[in-house]
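Participant: 3D model of this:
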Amino acid sequence: MAVRFPLPPSSLLPSKIVHSAMGFFLTLVLTTAPSLAGDPFRPTQSRHIGDKTEAAFNQVFRYGNYQAAATILQDAIASETDEPLAFAMQASFAYTNKDMAGLATYAEKTLSAAQRLVSRDALRGNLYMAVGHFLEGAVILSREGTVSGAPQALSKLRRVYEYLDKAEAISPQDPELNLIKGYMDLMVAVNLPFANPEQAIARLEKNAAPRYLVDRGIAIAYRDLKNYDKALTYVERALKDTKENPELHYLKAQILRAKARDDKNKQMMETAIAFFDQALAKRDQLPPGLVRQIERERRNSASSLI
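Facilitator: Take a look at the predicted model:
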């Protein structure tokens with residue numbers, strides 16, 4: 001049975017779900033190292049995903065190298081025009097760079113590519129129709145604001161789940177579907193008091209892939225739930241497979257800092273600062289806005305030691 005949470009009232013949607021979800025969107029479609037079949041999600045019954053699209057994802061999510069990914073992605077959107085994942089990736093880059101016009105353009109292109117894909121691959125076509133509507137919800141909020149835009153964004157969220165349900169009806173245990181839907185369910189569950197995060201976590205654990213993305217998502221959830229011991233367990237698991245990714249060092253630093261504050265543990269706070277520094281050692285790979293955020297959190301952590 002599908003994990004289903006009631007949709008929140010529009011007053012909760014912008015600040016607690018849509019904006020948080022856009023911040024995590026890149027991680028929704030994380031891939032592993034390339035496979036011969038071009039499908040990083042499915043060891044059997046593989047589906048074609050463009051090689052350049054896959055390579056761009058690997059640069060971002062395995063290595064945390066946004067700069068290398070941006071170059072590869074330009075080739076992907078030019079040559080793999082029927083792969084909606086490439087356009088979704090470009091939309092996410094636009095959002096990260098606060099390029100709202102680019103977000104609107106590539107949200108529309110994601111939907112168009114997904115519509116073309118439906119006739120050849122109904123599972124992935126419907127899945128990325130959901131992603132496209134999700135991106136368009138973010139466009140609405142950027143243009144209309146969180147108050148006037150919330151009802152339209154909520155309507156888009158309903159369309160997201162409509163298409164996710166269509167994809168799930170085709171293959172309920174598909175790893176790519178469960179990865180994306182699991183993350184979405186988890187963000188709803190973490191941010192709403194009446195939802196059950198453990199159901200969403202179980203969904204990710206049971207059917208989603210790749211494993212290191214599952215572990216990363218669950219670590220984020222437990223961080224937000226303030227269960228720092230479990231969050232550390234899962235981020236360590238993710239680091240075993242993606243130890244070169246500075247974003248995972250940043251995530252571990254955040255968890256350690258929060259736990260250090262709760263436990264009033266100076267030594268743990270010093271360890272957190274060391275992980276912030278590991279992330280910043282690869283600042284040239286990361287978006288400028290993310291670098292500034294890491295630097296700010298690092299300064300705040302250091303000031304707590306004074």
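Participant: How is this protein divided into domains?
Facilitator: 7-205, 210-306 (automatic domain parsing).
Participant: What mean pLDDT does the shortest one get?
Facilitator: Right, domain 210-306. The average pLDDT for domain 210-306 rounds to 95.
Participant: Equivalent analysis for the longest one, please.
Facilitator: Domain 7-205 carries an average pLDDT of 81.
Participant: Show me which of the domains of the chain has the highest average neighbour count.
Facilitator: Counting by mean count of other C-beta atoms under 10 Å, domain 7-205 has the highest mean neighbour count of these, with a mean of 20. For glycine as for every other residue, the C-beta is placed from the backbone atoms N, C-alpha and C.
Participant: For the helix or strand hosting Lys252, what is the distance to the chain centroid?
Facilitator: Per DSSP states H and E, Lys252 falls inside helix 246-263. Put simply, helix 246-263 sits 19 Å off its chain's centre (C-alpha atoms, centre = their mean, to the nearest Å).
Participant: So which residues make contact with it?
Facilitator: Helix 246-263 has contacts (C-beta atoms under 8 Å, 6 or more residues apart in numbering) with 64, 216, 219-220, 223, 226, 228-229, 231-232, 235-236, 238-239, 242, 265-266, 268-269, 271-276, 278-283, 285-286, 290, 294, 297-298, 301, 304.
Participant: and with 7 Å instead?
Facilitator: Helix 246-263 has contacts (C-beta atoms under 7 Å, 6 or more residues apart in numbering) with 64, 216, 219-220, 223, 228, 231-232, 235, 238-239, 242, 268-269, 271-272, 275-276, 278-279, 282, 285-286, 294, 297, 301.
Participant: Give me the subset of those that lies in strands.
Facilitator: Judged by DSSP state E, the contacts of helix 246-263 include no members of strands.
Participant: how about the helices in the stretch 51-200 of the chain?
Facilitator: Counting by DSSP state H, counting those that start in this stretch, the stretch 51-200 of the chain has these helices, from start to end: 51-61, 66-79, 84-96, 100-118, 122-148, 150-170, 175-191, 197-207.
Participant: now those in CSV, with distance to Leu251?
Facilitator: Output for the helices of the stretch 51-200 of the chain, formatted as CSV (distance: least, C-beta to C-beta, whole Å):
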stretch, distance to Leu251
helix 51-61, 13
helix 66-79, 16
helix 84-96, 16
helix 100-118, 24
helix 122-148, 22
helix 150-170, 25
helix 175-191, 15
helix 197-207, 16
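Participant: how long is stretch 58-73 end to end?
Facilitator: 11 Å (C-alpha to C-alpha, to the nearest Å).
Participant: I meant to write stretch 218-229 there.
Facilitator: Stretch 218-229: ends 12 Å apart by C-alpha to C-alpha.
Participant: List the contacts of it.
Facilitator: Here stretch 218-229 has contacts from 186, 190, 197, 201, 204, 230-231, 234-235, 238, 251, 254-255, 258-259, using C-beta under 7 Å, 6+ apart.
Participant: hmm, 6 Å instead?
Facilitator: Leu186, Val190, Pro197, Ile201, Lys230, Ala231, Tyr234, Val235, Ile255, Ala258, Lys259 (C-beta atoms under 6 Å, 6 or more residues apart in numbering).
Participant: Could you measure from Lys264 over to Ala274?
Facilitator: 19 Å (C-beta to C-beta, to the nearest Å).
Participant: Sorry, wrong one. I was asking about Arg143.
Facilitator: From Arg143 to Ala274 the distance is 42 Å (C-beta to C-beta).
Participant: just Glu297 next, same as before
Facilitator: Taking C-beta to C-beta as the measure, Glu297 falls 13 Å from Ala274.
Participant: Show the contacting residues for Arg124.
Facilitator: Leu117.
Participant: same thing but 10 Å
Facilitator: 41, 47-49, 83-85, 114, 117-118, 167, 170-171, 174, 176-177 (C-beta atoms under 10 Å, 6 or more residues apart in numbering).
Participant: between those, which is nearest Leu127?
Facilitator: Ala167 (4.5 Å; C-beta to C-beta).
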